[in-house]
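Asks: give me a model of this one.
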Amino acid sequence: MRFRRSLLILPLLLAACAVPPAESSDTVLGFTPHPGAVEFASATLDWVDEATGLLALVPVGDCVTGIGSYATDTGTVPVNWSGERGCAKLVLGAIPEGTPGQAIRPVTTAVALTDGSIIAAGEKFARRGPGGRATLSALDGYKDTTALVKTGGRLVAIGTGAKNKTTTGPAAWLSDDAGVTSRRIDLPTGGGKARPDVLGVDGDSLLAASGDAATVTLWSSADRGQTWAVSTSPVGEDTTITGVVRAGAEWLVFGGAGRESGRRTPVLLRGNPGGWKLEGLAQFGEGGIVAGTVDKTGNAILLGRDFDRAKTVKRPRYCAAVWVQDGASWERGELGCAEQPPRLVTTLADGRVLIAGNRDLWLR
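Replies: Prediction:
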């Protein structure tokens, strides 16, 4: 999801608790549910749309900082969540005042540094946290940014940049000093107009992919973003690519196909630059993949959902599932149906995996 000319608000400290809560026996593939554990992003509404609420999770310390937006009576404002009770609860920080009628979207492309501060990439790099400078380097030729990763001591943001006064194209911005300075790298176009929307990192290697097309464009780098090669692979009509992770010896590029308000099916492209294979997903069942991570054993965990087409449903409602990789096979677990389904998954510094939405979370 892309947000332009936006504000990032981040708390300086995270609430933490050394002792996690007692777990129940009601688990799904090892994930313990914590219903209602995410403080809702509105005081007056009981439902918010896809662009509102918890939009990103940044692992920090023993938990995460959540980034998103809060619905007020007059518009939306950027907010952050911090963790409590061993990361079994996410609570809202301060709610800033908004301008009536204004919808301000947060920058959600962010990573944590070793000192606990957080760097985000929008029109500029911005830093919040211990010793942080609020505004850092402007991104040369910025049109938008869609993802940010950390590889070694380098930050790499991707998106769209201006090549000259009339032409834009896929771009990466690199910083070796935590965003104080940066430089733009124009990515090869591959003969099309695709731009990178998602980005994965594995040591010095990076893989970016375009988001919406029957043929996905893939940009790969083996030198932390300094040079890039481009390739393409067919994925099918009505496909949306939502993420990239490195699991074992291969990359997984994932998403979903079909109408958002109809039947969605998972899409999984696996392999390495120069050799891609579209996975047969009969074992997955229904539901587009919306997010993914890799656990401490190196196996992928994917989060998916499918539109609830029951005639009794009055508002948009989705049925969520989680897939856990076990070598070449996958196990599927059902997370239930809700108007505010889980939308994010990440791996914490201690190896636990957190799934979260606008109301509920799961921990494994």
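
Asks: how many residues are close by the closest residue to Leu281 other than its chain neighbours?
Replies: Spatial nearest neighbour of Leu281, chain neighbours left out: Pro266 (5.1 Å); criterion: CB to CB, 6 or more residues apart in numbering. All C-beta spots, glycine's among them, are computed from the backbone N, C-alpha and C. Counted by other CB atoms under 10 Å, the residues lying close to Pro266 total 24.

Asks: and what of Arg364?
Replies: Arg364 has 20 neighbouring residues, counting by other CB under 10 Å.

Asks: pull up the gap between it and Thr32, please.
Replies: Separation of Arg364 from Thr32 (CB to CB, to the nearest Å): 7 Å.

Asks: SS state for the residue nearest to Leu281?
Replies: Applying DSSP: H, G, I helix; E, B strand; the rest coil to Pro266 yields a three-state assignment of strand.

Asks: wait, it sits on Val290?
Replies: No. Using CB atoms under 8 Å, Pro266 makes no contact with Val290, being 9.9 Å away.

Asks: overlap in contacts of the two?
Replies: Listed as contacting both Pro266 and Val290 by CB atoms under 8 Å, 6 or more residues apart in numbering are 256, 304.

Asks: and stretch 163-182, average pLDDT?
Replies: Averaging pLDDT along stretch 163-182 yields 92.

Asks: put the alpha carbons of it into PDB.
Replies: C-alpha atoms of stretch 163-182 as PDB (Å, rounded to 0.1, in the frame of the first residue of the first chain):
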ATOM      1  CA  LYS A 163      14.800  10.200 -14.400                       C
ATOM      2  CA  ASN A 164      14.400  13.700 -16.000                       C
ATOM      3  CA  LYS A 165      11.800  16.500 -16.200                       C
ATOM      4  CA  THR A 166       9.400  14.300 -18.200                       C
ATOM      5  CA  THR A 167      10.200  10.600 -17.400                       C
ATOM      6  CA  THR A 168       9.800   8.500 -14.300                       C
ATOM      7  CA  GLY A 169      10.900   4.900 -13.700                       C
ATOM      8  CA  PRO A 170      11.700   2.300 -11.100                       C
ATOM      9  CA  ALA A 171      14.300   3.500  -8.600                       C
ATOM     10  CA  ALA A 172      16.200   2.600  -5.400                       C
ATOM     11  CA  TRP A 173      17.600   5.000  -2.800                       C
ATOM     12  CA  LEU A 174      20.700   3.800  -0.800                       C
ATOM     13  CA  SER A 175      22.000   5.200   2.400                       C
ATOM     14  CA  ASP A 176      25.100   4.000   4.300                       C
ATOM     15  CA  ASP A 177      24.800   6.500   7.200                       C
ATOM     16  CA  ALA A 178      21.300   5.800   8.600                       C
ATOM     17  CA  GLY A 179      19.600   8.200   6.200                       C
ATOM     18  CA  VAL A 180      21.800  11.300   6.700                       C
ATOM     19  CA  THR A 181      22.800  11.100   3.100                       C
ATOM     20  CA  SER A 182      21.400   9.000   0.200                       C
END
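
Asks: sweet, I'm off.
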